[in-house]
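Trainee: just to be clear, the model below is a prediction. Sequence and coordinates:
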Amino acid sequence: MNEGDIRKILNEELGNIAPEADLQKLDPSADLREALDIDSIDFLNFITAIHHRLGIDVPELDYPKLFTLDGAVNYLASRLKRANG
Amino acid sequence: MAEFRMPSLGADMEAGTLIEWLVKPGDKVKRGDIVAVVETQKGAIEIEIYEPGQVEEILVPLKTKVPVGTPLARIRSEGEAAVPAQAAPIAPAITIAGVPEAAPPAAQPPFPSLAVPGGPAETRVSPAARRLAQMHGLDLSAVRGSGPGGAIVLADVERSLGAPVVQAEQKRAIGLDLDAMRVAIAAAMARSKREIPHYYLQHQVDVTPCEKWLEKANAVRPPSERLLMGALAIKSVALAARRFPAFNGFYQGGRYEPSAAIHTGVAIAIRGGGLAAPALRDADNLPLDELMSRLRDLVQRTRAGRLRSSEIADSTITVSSLGERGVEALYGIIYPPQVALVGFGKAVQRPWVADGAVVPRSVVTITLSADHRVSDGHAGALFLSEIGRLLEEPDKL
């Protein structure tokens, strides 16, 4: 799975959480919580969806690394690489 | 014979539009079953039934708007004999795909034993199914029944004919009408400010113990089982309300009735500018894990516009939490006929004096809006401090 695949999955899950948002226009370096009006339950649902889709259990301490789309893609790519390497 | 009526889903509701039936004549229902979906200003609400029995007859067709209290269906209690359909005053029978669905005639079991021409002698057919099949010259022996005991019901005939199945169409997400919701919020809040003499109190609480406890608990949990501060907030309010009944109940018709059950309304913001406060029922009796999973489910269904009738009308006290991106304090407007609302601001790092030393602590401002017709500031202060005290020991929540 490459970064493009991860980005696609994250976009799908963010679309489920914020169906009205235009994700094409989302700045990948913006804070998702501000840009998509995501609250703590939404964010927990996002982390839960990542666990289901990618098999990666993101600990709470790492949440800040997933506050932007770019940050989340980088974090998950390196976690996957570590898991497979 | 019981009548299942259009429920009142809040003081401001006058009528509702029936948009989906999840039962048909002959179906057995038990307490708590979802039997219909009604569209109101608050979105599509799943309506539960409280009388167990058997659906005798559907009285209101789909897409019909009827006033609160209108009989929607007749329910035969267990053990009660069937009554001929014409014995009761009847609204127009349900119409599916343009064919009137008559109730089964006086019948026990619900589908009279009508032999299918050319089919196995024991196959039963509902009258509406028979009529539709006759209209289209359909041979019923070729139809597989999905009703009780393999009976052929209307949906089976429709499927065989390739006719559009109305129910499937109705299952589409209804979505929330935010304009209608705004009207409902305006009505309830204007009434509240007109009728309820609010008083407000606030209390700062050191929630560092809660944060540490959550951190430890969540470190060993998969994401699907993690807890949030909001769950602790709701539980602490529900437990405190047990000891302070003057904040948990309804003020109606000039008098206050405390509620034995504690159903905390949870204020949930809806994207695009809406707000709903459905009930998390019996919150004081729920273990935190269960409370958290119910909360997640409730938030998800609220935002999808899919709430149940008991969740809309039953809240006995409301909790509003601004979460991590809000501000420090909120002063809520009570949702009538309730008499109190507890608000939680976001946690902020503040210098705090503990054991004679100034230390950084995570502090939340908790507010109480309460009805002065029912309680006074003194009792309100005790209630609010009790919530703060409970949050000092999260492991006991």
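Mentor: Happy to help now that I have it. Residues are numbered from 1 along each chain as shown, chains lettered A, B, ... in the order given.
Trainee: where do the helices sit along chain A?
Mentor: Secondary structure of chain A (DSSP state H): helices located at A:3-17, A:32-35, A:40-54, A:69-84.
Trainee: ok, which of the ones you listed comes nearest B:Ile334?
Mentor: Proximity to B:Ile334 (Cβ to Cβ) singles out helix A:40-54 among the helices of chain A, at 24.0 Å. Where C-beta positions appear, they are placed from N, C-alpha and C, glycine not excepted.
Trainee: ok, the residue of chain A found nearest chain B - how many residues close by?
Mentor: Nearest to chain B in chain A, going by Cβ to the nearest Cβ, is A:Thr48, at a distance of 4.1 Å. By other Cβ atoms under 10 Å in any protein chain shown, 19 other residues sit near A:Thr48.
Trainee: what helix or strand is B:Gln338 on?
Mentor: Here B:Gln338 sits in a region with no helix or strand, counting by DSSP states H and E.
Trainee: re earlier: tell me who's in contact with the residue of chain A closest to chain B.
Mentor: B:223-224 (Cβ atoms under 8 Å, 6 or more residues apart in numbering or on different chains).
Trainee: now with 10 Å?
Mentor: A:13, A:57-58, B:222-226, B:296 (Cβ atoms under 10 Å, 6 or more residues apart in numbering or on different chains).
Trainee: got the residues of chain A near chain B?
Mentor: A:16-21, A:31, A:33-34, A:36-52, A:56-61 (Cβ under 10 Å from any Cβ of the partner chain).
Trainee: which one's the longest helix in chain B?
Mentor: Longest helix of chain B, by residue count under DSSP H: helix B:178-195.
Trainee: now for the very next helix or strand once past it, which elements pack on it?
Mentor: Using DSSP H and E, the helix or strand that directly follows helix B:178-195 along the chain is strand B:198-206. With contacts defined as 3 or more Cβ pairs under 10 Å, 6 or more residues apart in numbering or on different chains; DSSP states H and E, strand B:198-206 has these neighbours: strand B:340-344, strand B:348-354, strand B:357-371, helix B:377-392.
Trainee: to B:Val207, which of the helices of chain A lies closest?
Mentor: Here helix A:40-54 is closest among the helices of chain A (Cβ to Cβ), at 13.9 Å.
Trainee: any idea what the nearest residue to B:Asp206 once chain neighbours are set aside is bridged to?
Mentor: For B:Asp206, ignoring the flanking residues on the chain, the nearest one in space by Cβ to Cβ, 6 or more residues apart in numbering or on different chains is B:Arg361 at 4.8 Å. Beta-bridge pairing for B:Arg361 (DSSP bridges): B:Arg350.
Trainee: how close does B:Gly16 sit to B:Gln338?
Mentor: Distance of B:Gly16 to B:Gln338, given as Cβ to Cβ, to the nearest Å: 21 Å.
Trainee: which of those two has more neighbours?
Mentor: Using other Cβ under 10 Å, the more surrounded residue of B:Gly16 and B:Gln338 is B:Gly16, with 28 against 24.
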